[in-house]
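[1] the following comprises the amino acid sequence and a computationally predicted model.
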Amino acid sequence: MKRIRELQGSLLIELLVVCALIALFLPLLVTAFAQMQERHLLAQTHQDQRAIKAAIDAHFQAQWARLRPASCRIDATLLVMIGSGTSAPSRLAARDVDETSDWLMGVDYGLCRGTTTVRENPLDVTLDCHWNAGDNVSFASCESNVKGQVFSTSARKSVIKLENDLVIGQSGIIESEDGFYWYLSEGMQGRKALWRTPDVSGTSLELWNGIERLSFFPLLDNSGNGMVDTLDTQYGAFPVTQLRGLWVEYLYRMDDCKLETSTLIEQEYRSMRGDIWRYSSPCQGVGNHIVVL
């Protein structure tokens with residue numbers, strides 16, 4: 001009996017020691033596990049951030065890579081306009097344009113584009129296009145550049161009426177011309193978003209939710225040698241003949257960022273115009289993208 005009591009007492013002491021060790025190390029283990037989870041979440045957030053930035057850059061490229069027409073001789077009167085949200089154009093008067101960002105007005109040349117030979121005017125084209133009757137188009141060859149309109153459309157063809165018959169017999173490129181304003185405004189999810197509004201009439205379209213600041217800077221060829229001479233930081237109208245690219249600055253916010261506020265890093269970015277953009281990394285980030293024209 002004495003031996004049994006000694007064994008029981010020894011087991012009780014060992015159990016108490018084990019409990020004491022668990023009480024000592026469990027908080028450390030829980031803390032270490034929580035830190036490991038936080039590091040994993042942070043790494044995943046940075047990975048998601050890179051993927052989102054790449055997707056935004058690709059979207060910008062798709063929107064603005066066609067601001068110059070496909071023509072040997074570009075009309076010198078064609079312009080791209082860049083302005084401040086504090087002075088939005090009358091076309092956007094009904095829209096709540098973000099005052100801290102820029103807006104851009106230009107023409108998307110060649111969303112629908114193909115080669116053809118003009119044998120008559122009007123001419124039939126069999127391109128599978130988005131255009132409707134009344135939409136603007138242009139025909140360009142190395143000899144001529146002529147405006148036109150979509151006269152009618154059907155499942156099999158579109159009929160295009162050109163402004164004159166001088167191009168009959170010429171081969172070249174026929175392309176659509178869709179004028180738009182691009183700007184930031186409140187999106188359907190209650191956050192800032194990139195929008196596009198047709199320049200004359202039509203329905204506005206939300207393009208990308210989560211863009212919180214946006215600035216445009218034209219890359220200009222002032223000497224006419226085909227090389228970029230100037231990055232212009234002023235607002236105004238810029239000749240398409242001189243436009244070789246578009247530098248886009250933007251601040252974006254990630255959807256469903258799960259990081260704790262204590263892990264966020266407050267950062268500042270000085271834009272090309274000298275403005276200070278404040279953001280919380282990595283749930284927010286700043287990007288720069290050059291659209292080559």
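    Okay, I see it.
[2] hang on, isn't Trp182 packed against Asp199?
    No: contact criterion C-beta atoms under 8 Å: Trp182 and Asp199 do not qualify, at 10.6 Å. To be clear about C-beta, it is placed using only N, CA and C from the backbone, and glycine gets the same treatment.
[3] which residues do those two both contact?
    Counting by C-beta atoms under 8 Å, 6 or more residues apart in numbering, the residues touching both Trp182 and Asp199 are Met105.
[4] quick one, which of these two is more surrounded?
    A direct count of neighbours by other C-beta atoms under 10 Å for Trp182 and Asp199 places Trp182 higher, at 20 against 15.
[5] spatially nearest residue to that one, not counting backbone neighbours?
    Leu104 (4.6 Å; C-beta to C-beta, 6 or more residues apart in numbering).
[6] tell me who's in contact with the residue nearest in space to the middle of the chain.
    Nearest to the mean C-alpha position of the chain, by C-alpha atoms, centre = their mean, lies Phe60 at 3.6 Å. By C-beta under 8 Å, 6+ apart, the contact set of Phe60 is Val248, Tyr250, His289, Val291.
[7] swap in 6 Å and give it another go.
    Neighbour list for Phe60: Val248, His289 [criterion: C-beta atoms under 6 Å, 6 or more residues apart in numbering].
[8] endpoints of stretch 201-212, how far apart?
    Stretch 201-212 has an end-to-end distance of 26 Å (C-alpha to C-alpha, to the nearest Å).
[9] now do that stretch: distance to the chain's middle.
    How far stretch 201-212 lies from its chain's middle: 10 Å, per C-alpha atoms, centre = their mean, to the nearest Å.
[10] what's in contact with that stretch?
    By C-beta under 6 Å, 6+ apart, stretch 201-212 touches 59, 187-189, 191-197, 250-253.
[11] what residues sit buried inside that stretch?
    Ser204, Leu207, Trp208, Asn209, Gly210, Ile211, Glu212 (16 or more other C-beta atoms under 10 Å).
[12] can you lay out those residues as JSON lines showing secondary structure, distance to Cys112 and pLDDT?
    Output for the buried residues of stretch 201-212, formatted as JSON lines (DSSP: H, G, I helix; E, B strand; the rest coil; distance: C-beta to C-beta, whole Å; pLDDT from 0 to 100):
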{"residue": "Ser204", "secondary structure": "coil", "distance to Cys112": "21", "pLDDT": "96"}
{"residue": "Leu207", "secondary structure": "strand", "distance to Cys112": "19", "pLDDT": "97"}
{"residue": "Trp208", "secondary structure": "strand", "distance to Cys112": "23", "pLDDT": "97"}
{"residue": "Asn209", "secondary structure": "strand", "distance to Cys112": "27", "pLDDT": "95"}
{"residue": "Gly210", "secondary structure": "coil", "distance to Cys112": "29", "pLDDT": "94"}
{"residue": "Ile211", "secondary structure": "strand", "distance to Cys112": "27", "pLDDT": "96"}
{"residue": "Glu212", "secondary structure": "strand", "distance to Cys112": "32", "pLDDT": "96"}
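[13] out of those residues, which is nearest to Ala55?
    Set against Ala55, the nearest of the buried residues of stretch 201-212 by C-beta to C-beta is Trp208 (8.7 Å).
[14] separation between the closest one and Leu293?
    Distance, Trp208 to Leu293, by C-beta to C-beta, to the nearest Å: 21 Å.
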